[in-house]
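1. Below is the sequence, then the predicted model.
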Amino acid sequence: MRIGLGFDVHRFAPGRRLVLGGVEIPSDTGLEGHSDADVVLHAVMDALLGALALGDIGQHFPNSDPAWAGADSARLLRTVWGWVRDRGYRLGNLDVVILAERPKILPHAPAMRARIAELCECDVDRVSIKATTMEKMGFVGREEGMAAQVVVLLEPYEGGVTR
Ligand SMILES: Nc1ccn([C@@H]2O[C@H](COP(=O)(O)O)[C@@H](O)[C@H]2O)c(=O)n1
Ligand SMILES: C[C@@]1(CO)OP(=O)(O)OP(=O)(O)OC[C@H]1O
């Protein structure tokens, strides 16, 4: 078994799309980033990479590389998940906490769970999404941006998938 921890932060930016957990959420304010700035999938990828001691997403998809400008983070996660699968692991479970004053995350959690489960080739009941505000404290509380934290457990598995 391997455990991994991921954390990411992105600043709010008016006029940008808000993509979280591979799902576009209607909002007049999105997140700033070189890629689509999907803070949730970035933390998922860092957790997976951490579990296998493969570094972090910045090493594999540098923000100085024009190839990743506007990148769909779901596409990057597919690549990272391929590395996990090729090493003979399946997803045990994955737990996400989104730190955001807004928008309300819970109505979008089922779609995010389904998308992450699809990308990580597992049943949706292995993927959890939770959210909390920061009670108006700190950069999240001031609505400057949002953060996501993820813990993942990988299990050795000859078949490669968890269905
Ligand atoms: N962006 C968010 C933040 C919170 N929630 C949900 O509201 C509950 C209460 O949040 P507190 O920070 O006041 O504890 C939280 O447990 C989530 O269920 C949310 O959906 N989106
Ligand atoms: C995936 C990348 C690619 O530029 O996305 P960014 O939007 O730059 O986001 P960040 O979490 O700051 O760093 C990860 C990068 O590797």
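-> Received, thanks. Ligands and ions are numbered 1, 2, ... in the order given.
2. is it true that M112 touches G21?
-> Yes: in this structure M112 lies within contact range of G21 using C-beta atoms under 8 Å: 3.0 Å. Bear in mind the C-beta positions are built from the backbone N, C-alpha and C, glycine included.
3. Please say which of the two ends up with more neighbours.
-> Here M112 and G21 are compared on neighbour count by other C-beta atoms under 10 Å; more neighbours surround G21, at 28 against 22.
4. and for M112 and G21, which residues touch both?
-> With contacts defined as C-beta atoms under 8 Å, 6 or more residues apart in numbering, the residues adjacent to both M112 and G21 are V40, V96, I129.
5. now the residue of the chain found nearest ligand 2, what's its secondary structure?
-> The nearest approach of the chain to ligand 2 comes at G33, 2.7 Å away (C-beta to the nearest ligand atom). Under DSSP: H, G, I helix; E, B strand; the rest coil, the three-state class of G33 is coil.
6. Distance-wise, check it relative to S73.
-> 9 Å (C-beta to C-beta, to the nearest Å).
7. which one of these two has more residues nearby?
-> S73 (27 against 22).
8. List the buried residues for the helix or strand where R75 lies?
-> Remark: R75 resides in helix 73-86, with elements defined by DSSP states H and E. Burial within helix 73-86, assessed by neighbour count using 16 or more other C-beta atoms under 10 Å, is assigned to S73, A74, L76, L77, V80, W81, V84, R85.
9. which bits of the protein sit near ligand 1?
-> With C-beta under 6 Å from any ligand atom as the criterion, the chain comes near ligand 1 at residues A100, R102, K104, I105, L106, A131, T132, T133.
10. Was I right to think the first one contacts K130?
-> No: using C-beta under 8 Å, A100 is not in contact with K130; the gap is 11.3 Å.
11. which of the two has more neighbours?
-> Of the pair A100 and K130, A100 is the one with more neighbours under other C-beta under 10 Å, namely 20 against 12.
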